[in-house]
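What shape does this take:
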Amino acid sequence: MTKRGNLPADSDRPPVLAHQRFAAEQKSVAGLGLAQRFQRIHGGNLWGAAASASGLGSEMDATAVLRAELPRLLTRLGIASLLDAPCGDAGWINAAGLTVRMVGVDIVPALIEGLQARAAAGEIKGDYRLADITRDVLPACDAILCRDCLVHLSFTNIERAIANFRRSGASWLIATTFPQWQANQDCEDGDWRALNFERAPFCWGTPVELLNENCIEAGGGWADKSLGVWRLRKLAKR
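As a prediction, this is how the structure comes out:
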């Protein structure tokens, strides 16, 4: 097996549950627009996680390092307000002890309705709004956290999302990246594949910060999963 660093080559990486489940149910989302597609994925728990309809990466055991380190990262960057886009079920982030102003957006109405009710009852923190990150006006915040999302979007919709992030006026983008991944491939919206935003077709350059999440999914075959931090205004435009 060919190795790059301490991880297998792209083609030898272990399978990911979200991709396997999407492939098995692909016909059920055929012809659906972006909003309807993600509503179907959420409503049917298509990505297959037991504790979070947002996927395995949003479960508590998968976010231990992230919950400990994200507050420190935001402090180092001087971030006072954070847009969680998309926020999913907002479970792990509400356990991270963040002191910044937090706004969450998601394309799935049922998720947002539930989060708004919980926030109103004082169960969780944050301001939650329904929005499509590829086209809707987004709340103004210092930074945008886009974790475990772009890996599910086509190149076309990634480009739309980044352009929309720029329009929001945010200074920073914090996004999931796999720095040892070699060749980015396009995918259908709702599917999953790894992306390395330092490589083509994105070519965003070296992130200002790189927070490794200590991912243990699939036997550690995705141990380079990280949050990269970039200045939005410096991202290369395709």
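
can you pull out the strands in the protein?
3-4, 7-8, 81-84, 101-106, 127-130, 143-146, 172-177, 209-212, 226-231 (DSSP state E).

Give me the mean pLDDT for the fourth one.
Model confidence over strand 101-106, given as mean pLDDT, is 98.

cool, stretch 156-166 as well?
Per-residue scores along stretch 156-166 average to 98.

From the chain's centroid, how far away is it?
When distances are taken as CA atoms, centre = their mean, to the nearest Å, stretch 156-166 is centred 13 Å away from the chain's centroid.

Also stretch 187-206?
Relative to where its chain is centred, stretch 187-206 has its mean C-alpha point 12 Å off (CA atoms, centre = their mean).

Can you give me the first-to-last residue distance of it?
24 Å (CA to CA, to the nearest Å).

Just the buried residues of that stretch, please?
187, 189-199, 202, 204 (16 or more other CB atoms under 10 Å). The C-beta positions use only the backbone N, C-alpha and C, and glycine is treated the same way.

from these, which two are the most distant?
190 and 198 (24.7 Å; CB to CB).

Could you tell me the model confidence score at the nearest residue to residue 215 once chain neighbours are set aside?
Using CB to CB, 6 or more residues apart in numbering and skipping the chain neighbours, the partner closest in space to residue 215 is residue 225 (3.9 Å). Here, the pLDDT recorded for residue 225 equals 96.

State whether residue 110 and residue 38 are indeed in contact, as I suppose.
No: applying CB atoms under 8 Å as the test, residue 110 and residue 38 come out as separate, 10.8 Å apart.

contacting residues around the residue nearest to residue 215?
Taking CB atoms under 8 Å, 6 or more residues apart in numbering, we find residue 225 in contact with 57, 176, 178, 212-213, 215, 217.

how about 7 Å then?
176, 178, 213, 215 (CB atoms under 7 Å, 6 or more residues apart in numbering).

As a markdown table, those residues with pLDDT would be great.
Below are the contacts of residue 225 laid out as a markdown table (pLDDT from 0 to 100):
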| residue | pLDDT |
| --- | --- |
| 176 | 98 |
| 178 | 98 |
| 213 | 94 |
| 215 | 92 |
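
Out of those, who's the most crowded?
Neighbour counts for the contacts of residue 225, by other CB atoms under 10 Å, peak at residue 178, which reaches 25 neighbours.

what about the nearest residue to residue 196 once chain neighbours are set aside, how many neighbours?
The spatially closest residue to residue 196, leaving aside those adjacent along the chain, is residue 181, at 4.0 Å (CB to CB, 6+ apart). Close neighbours of residue 181, defined as other CB under 10 Å, add up to 23.

do you know how far residue 181 is from residue 162?
Per CB to CB, to the nearest Å, residue 181 is found 18 Å from residue 162.

and if you look at residue 156?
11 Å.

Which one's more surrounded, these two?
residue 162 (26 against 12).

Sounds good, over and out.
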